[in-house]
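*Asks:* the sequence and its predicted three-dimensional model are supplied below.
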Amino acid sequence: MTSPVMKTTANTTTRTTTHTTTAPVTAAIDKPRRKNPVLRTRQINLPPGARGRVALGFTAAAAEGRFALQACERCAAVQYPPREACHRCLSTELTWRDQPDGGHLVCTTTLRHSNDLFFRERLPWRLGLVRLDAGPTVMVHLHGEVGGEPGRIRVGARIDRAGMAVLIGYPEQGSAHMADDRMLREMTSDPRFRKVLVTDGKSAVGQAIVRAFVEAGADLVWVGHAEPWKKLGGLDDIGALPQVTLVPLDLTDGRSVTELAGEIAGKVDIVVNNAEVHRTFGIAARRGTDVARAEMDINYFGLLRLAQEFGPALKGRSADGLASATAWVNLLSIYALSSFPTHGTFSASKAAAYSLSQCLRAEMRPAGIRVVNVFPGPIDDDWNQHVPPPKLAPIALANAIVKALRDGVEDVYPGDVAQEWLARWRDNPKVLERELAGEG
Ligand SMILES: [Zn+2]
């Protein structure tokens, strides 16, 4: 038997529940009450986070929304928890492979006491023992809609607030309010009832993102726009939505970022940094560094300015009840992994932003704030006119961001092109570099 919360269960008294035959349906959560501003915001207690290096392979797959377990190359045994060697034949040739997510629920139990502060604040907490179709028997956190044993169940790997993968047991078919489950909301960053800042509402992508968050039930969406004197198509339509407030925000201007942070940073639950400059040049096609500087100024320094002003405020509110601060989303690019020479300076700025986002992730993790990086391929916008299809539609990109927050995923590669580049990059980064040098 293996446990997703080994440290906790070892120190915990449990009591087996009496089981109901019909699965309960999740009650929709109500809009959280306005907070008393005088009350102090609690510090977050993270779930147990320490994992060995081998176990981080499980977390790496979960970060992309995949359910992968170690499979033995020698005898084909599948195992969990992760180990250095095969539990059956002791071979060390182990590979992380995606696994079927079905299983049989063997038994359930409800924690009513825990020595771990994270669980103590969230009791009662249900756990289940599941015999996976893939082979191993594992302990999972149970969604409230999972009934008693025996029964079929789906198992998924999710990243918890400590940034570590845990196993969650879902009902085979969930209800409409499935995402409102109390345990699941602790593990994900659902936009429902949350307040969101989208840093650029002028672009087609920005407007699609705003609409996707409104549709997902966001309580309020602040939409940044630089150069407010410019009349741009679509921004007025977005501004007319009841949930939306347009705010001046110029990421190239430190004072603009500081001023907006002074007004709203203490209320933002999700930051979506989608502001970007994208020009299509390599090195030789243009003289001087002005364009490259403009890309860096938004794509890299813009993220840095934003993170310095909004990061600390988010970290301070990560335990603020049902609508706590929860996530930071960066719109990067698949070109961040390997330069696309005809978009060379843009690729470089996104590679710099990617590196900085990893630093941001490391700094936000102790506070339980998830940093989600999005790596789209060419987007169907003005700057990719000369790139042949397939191109990613802004609405598809926006929906991928909302889905990632709901699923508790860290790295998103939306669209076929991004998926294909990722596969080629994983296979051999050097080969991809040579291939891209020949394209465009
Ligand atoms: Zn083996």
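*Replies:* That came in fine, so what should we check first? Numbers count the residues shown, from 1 in each chain.
*Asks:* host element of the most far-flung residue of the chain relative to its centre?
*Replies:* Residue farthest from the centre of the chain, counting by CA atoms, centre = their mean, is Arg287 at 38.7 Å. Using DSSP states H and E, Arg287 falls within no helix or strand.
*Asks:* so what strands line up beside the helix or strand where Arg131 lies?
*Replies:* Per DSSP H and E, Arg131 falls inside strand 125-132. Strand 125-132 has the following strand partners under DSSP bridges: strand 102-111 (antiparallel), strand 137-142 (antiparallel).
*Asks:* and it, average pLDDT?
*Replies:* Across strand 125-132, pLDDT averages out at 92.
*Asks:* which residues are contacting that strand?
*Replies:* Strand 125-132 has contacts (CB atoms under 8 Å, 6 or more residues apart in numbering) with 1, 3, 5, 9, 14, 17, 78, 80, 99-100, 102-111, 114, 119, 137-142, 144, 146, 149, 153, 155, 167, 169, 183. In this view, the C-beta of every residue, glycine as well, is placed from N, C-alpha and C.
*Asks:* next one: it to chain centre, how far?
*Replies:* 24 Å (CA atoms, centre = their mean, to the nearest Å).
*Asks:* buried stuff in it?
*Replies:* Neighbour counts using 16 or more other CB atoms under 10 Å place 125-130, 132 of strand 125-132 among the buried residues.
*Asks:* filter those residues down to the ones close to the ion.
*Replies:* Taking CB under 5 Å from the ion as the test, the ion is in contact with none of the buried residues of strand 125-132.
*Asks:* quick check: Leu397 touching Ile379?
*Replies:* Yes: the pair Leu397 / Ile379 is scored as a contact, 6.3 Å apart, by CB atoms under 8 Å.
*Asks:* who touches both of the two?
*Replies:* Joint contacts of Leu397 and Ile379 (CB under 8 Å, 6+ apart) are Val205.
*Asks:* can you name the residue of the stretch 201-350 of the chain nearest to the ion?
*Replies:* Taking CB to the ion, the ion has its nearest neighbour within the stretch 201-350 of the chain at Leu337, 32.8 Å off.
*Asks:* contacts only, for that residue.
*Replies:* Counting by CB under 8 Å, 6+ apart, Leu337 has contacts 351, 354, 375, 421-422, 425, 429.
*Asks:* would a markdown table of the residues you listed with neighbour count and pLDDT be doable?
*Replies:* A markdown table is the format used below for these (neighbours: other CB atoms under 10 Å; pLDDT from 0 to 100):
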| residue | neighbour count | pLDDT |
| --- | --- | --- |
| Ala351 | 19 | 98 |
| Tyr354 | 20 | 98 |
| Phe375 | 23 | 97 |
| Trp421 | 22 | 92 |
| Leu422 | 18 | 94 |
| Trp425 | 17 | 94 |
| Pro429 | 11 | 93 |
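*Asks:* next step: these restricted to helices.
*Replies:* 351, 354, 421-422, 425, 429 (DSSP state H).
*Asks:* farthest pair within those residues?
*Replies:* Ala351 and Leu422 (15.0 Å; CB to CB).
*Asks:* residues from the stretch 1-150 of the chain in reach of the ion?
*Replies:* 72, 74-75, 77, 86, 88-89, 91.
*Asks:* buried subset of those residues?
*Replies:* Buried residues within these, counting neighbours by 16+ other CB under 10 Å: 72, 77, 86.
*Asks:* what's the nearest residue to the last one once chain neighbours are set aside sitting at in phi/psi?
*Replies:* Nearest non-adjacent residue to Cys86, counting by CB to CB, 6 or more residues apart in numbering: Cys72, 4.0 Å away. Backbone torsions of Cys72, given as degrees, to the nearest 10, read phi -80, psi 130.
*Asks:* for Cys72, list each beta-bridge partner.
*Replies:* Under DSSP bridges, the beta-bridge partners of Cys72 are Leu94.
*Asks:* before we move on, what about Gly102?
*Replies:* Arg154.
*Asks:* so where does Gln358 fall, helix or strand?
*Replies:* Using DSSP H and E, Gln358 falls in helix 344-364.
*Asks:* from the chain's centroid, how far away is that helix?
*Replies:* Per CA atoms, centre = their mean, the centroid offset for helix 344-364 relative to its chain is 16 Å.
*Asks:* can you check stretch 237-250 too?
*Replies:* The answer for stretch 237-250 is 24 Å, by CA atoms, centre = their mean.
*Asks:* who touches that stretch?
*Replies:* With CB under 8 Å, 6+ apart, stretch 237-250 has contacts from 199-201, 207, 210-211, 214, 218-228, 235, 256-257, 260, 263-264, 275.
*Asks:* try it again at 7 Å.
*Replies:* 199, 201, 207, 210, 214, 218, 220-226, 228, 256-257, 260 (CB atoms under 7 Å, 6 or more residues apart in numbering).
*Asks:* could you list which of these belong to helices?
*Replies:* 207, 210, 214, 256-257, 260.
*Asks:* and Ala23, what's its pLDDT?
*Replies:* Note on Ala23: pLDDT of 60.
*Asks:* repeat that for Asn384.
*Replies:* 76.
*Asks:* from the ion, how far off is it?
*Replies:* 47 Å (CB to the ion, to the nearest Å).
*Asks:* shouldn't Pro136 be in contact with Val78?
*Replies:* Yes: the pair Pro136 / Val78 is scored as a contact, 6.2 Å apart, by CB atoms under 7 Å.
*Asks:* tell me which stretches of the stretch 51-200 of the chain form strands.
*Replies:* 68-72, 78-79, 94-98, 102-111, 125-132, 137-142, 151-159, 165-170, 195-198 (DSSP state E, counting those that start in this stretch).
*Asks:* report the inter-axis angle for the third one versus strand 68-72.
*Replies:* Yep, that's strand 94-98 we're talking about. 140 degrees (axes from the mean of the first three to the mean of the last three CA atoms, to 10 degrees).
*Asks:* in strand 94-98, what counts as buried?
*Replies:* In strand 94-98, counting by 16+ other CB under 10 Å, buried: Leu94.
*Asks:* name the helices or strands packed onto that strand?
*Replies:* Strand 94-98 makes packing contacts with strand 68-72 when contacts are defined by 3 or more CB pairs under 7 Å, 6 or more residues apart in numbering; DSSP states H and E.
*Asks:* one more: the second one?
*Replies:* Judged by 3+ CB pairs under 7 Å, 6+ apart, strand 78-79 is in contact with strand 68-72.
*Asks:* output the strand it packs on as PDB, restricted to C-alpha atoms.
*Replies:* Extracted in PDB, the C-alpha atoms of strand 68-72 (Å, rounded to 0.1, in the frame of the first residue of the first chain):
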ATOM      1  CA  ALA A  68       2.700   8.800 -15.700                       C
ATOM      2  CA  LEU A  69       4.100   6.000 -13.600                       C
ATOM      3  CA  GLN A  70       7.400   4.200 -13.700                       C
ATOM      4  CA  ALA A  71       7.400   1.200 -16.000                       C
ATOM      5  CA  CYS A  72      10.200  -1.400 -16.100                       C
END
